[in-house]
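S.K.: Just a sequence and a predicted model for now, questions to come.
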Amino acid sequence: MLSTVVLAMIVGLALMAVSREARRILLELFQATQEIALMIIGGAMKLAPLAVFALICTITMRLGFSAIAGMAAYIGTVLLGLIMLLIFYLVMVWMFGNMPPGQCLHGIREVQLLAFSTSSSAAVMPFSMGAAEKRLGVTPSIVRFIIPLGATINMDGTALYQVAAAVFLTQVFGIHLSVWSLVALAGTAVGASIGTPSTPGVGIVVLASILQGVGVPPSGIALIIGVDRILDMSRTTVNVTGDLTACTIMNRWLRTT
């Protein structure tokens, strides 16, 4: 997945150097390919409930109920990490954005609620831009640059979730990871999260690609896909909060320079 992200960056830079006509043809091809891929994923997600039930039954028979009991610790770890990341954002707003955390939360609470309910950074982008301009007082030019960019590459909550999920599944299947393997896994998750589309449920697909690199069988996804929706909603809320945090800090820095 990391090599795919790097290749996409190289292709994007190369597209800037080719003619406009060639660029248009390639962009249309890429967009059509993405739509086809999302259509296939959408069809697969409709079959997911029955498939997940069957896979969970299979894994439970092989590993026992201890694997299911460990889900509570996994969910708690991810949610605790997301809460800590949210607190870190609020501290950043207070220290570098010169805005009290309570005022920031009050101004973006509706955007956070919408992000939690839709699980899509792209879907709440117009509302994020409106909240940043009207309630946080950010300059429109900064908002138009930071929010779309953040909805594309700022996936801190997703990266945290993917690392926690990968470590949890390696423990379930008895796969030992050295310190350097954990560092490589974290780097891969961060790189892969940059290329994750801002649509619900796609993070689990990217996670499946990461797990293949550490030796976790694809069936291991069945253990966490059943609770992925609530974690997807939570990490999307943190991702959107990070975009608005960047807007607030950048707005203050540019005003003071």
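M.R.: Sure, I can see it. Bear in mind the structure is a predicted one, so any value in this text is a computation, not a measurement.
S.K.: residues contacting Ala51?
M.R.: Ala222 (CB atoms under 8 Å, 6 or more residues apart in numbering). Backbone N, C-alpha and C define where each C-beta goes, glycine included.
S.K.: Does the nearest residue to Val78 once chain neighbours are set aside lie in a helix or a strand, and which?
M.R.: Excluding its sequence neighbours, the residue lying closest to Val78 (CB to CB, 6 or more residues apart in numbering) is Ala164, at 4.9 Å. Under DSSP states H and E, the secondary-structure element containing Ala164 is helix 156-172.
S.K.: Going by neighbour count, list what's buried in that helix.
M.R.: 156-170, 172 (16 or more other CB atoms under 10 Å).
S.K.: Report all helices and strands that the host helix or strand of Ser181 contacts.
M.R.: Assigned by DSSP H and E, Ser181 falls within helix 179-194. Counting by 3 or more CB pairs under 8 Å, 6 or more residues apart in numbering; DSSP states H and E, the packing neighbours recorded for helix 179-194 are helix 2-15, helix 156-172, helix 202-214.
S.K.: Of all those, which one is nearest Gly191?
M.R.: helix 2-15 (4.4 Å; CB to CB).
S.K.: export the helices and strands packed on helix 179-194 to a markdown table and tack on mean pLDDT?
M.R.: A markdown table is the format used below for these (pLDDT from 0 to 100):
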| stretch | mean pLDDT |
| --- | --- |
| helix 2-15 | 79 |
| helix 156-172 | 84 |
| helix 202-214 | 73 |
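S.K.: To Ser128, which of the ones you listed lies closest?
M.R.: Once these are compared by CB to CB, helix 156-172 is nearest, at 14.6 Å.
S.K.: Report the two of the buried residues of helix 156-172 separated the most.
M.R.: Asp156 and Val172, at 24.9 Å, using CB to CB across the buried residues of helix 156-172.
S.K.: what's around Asn251, how many residues?
M.R.: 22 (other CB atoms under 10 Å).
S.K.: correction: Ala222
M.R.: That count, for Ala222 with other CB under 10 Å as the rule, works out to 20.
S.K.: Provide the secondary structure category for it.
M.R.: Under DSSP: H, G, I helix; E, B strand; the rest coil, Ala222 falls in the helix class.
S.K.: That one and Thr188, how far apart?
M.R.: When distance is defined by CB to CB, to the nearest Å, Ala222 is 22 Å away from Thr188.
S.K.: How about Met95?
M.R.: Distance from Met95 to Thr188, by CB to CB: 31 Å.
S.K.: and what of Ser19?
M.R.: 35 Å.
S.K.: between the two, who's got more neighbours?
M.R.: Applying other CB under 10 Å to Ser19 and Thr188 shows that Thr188 carries more neighbours, namely 22 against 8.
S.K.: Next one: the more buried one from Ala14, what distance?
M.R.: Taking CB to CB, one finds Thr188 at 24 Å from Ala14.
S.K.: does Ala122 sit in a helix, a strand or a coil?
M.R.: coil.
S.K.: Please report phi then psi for it.
M.R.: Backbone geometry at Ala122, expressed as degrees, to the nearest 10, gives phi -70, psi -40.
S.K.: That one and Ala151 touch, don't they?
M.R.: Yes: taking CB atoms under 8 Å as the definition, Ala122 is a contact partner of Ala151 at 5.6 Å.
S.K.: Many thanks, have a good one.
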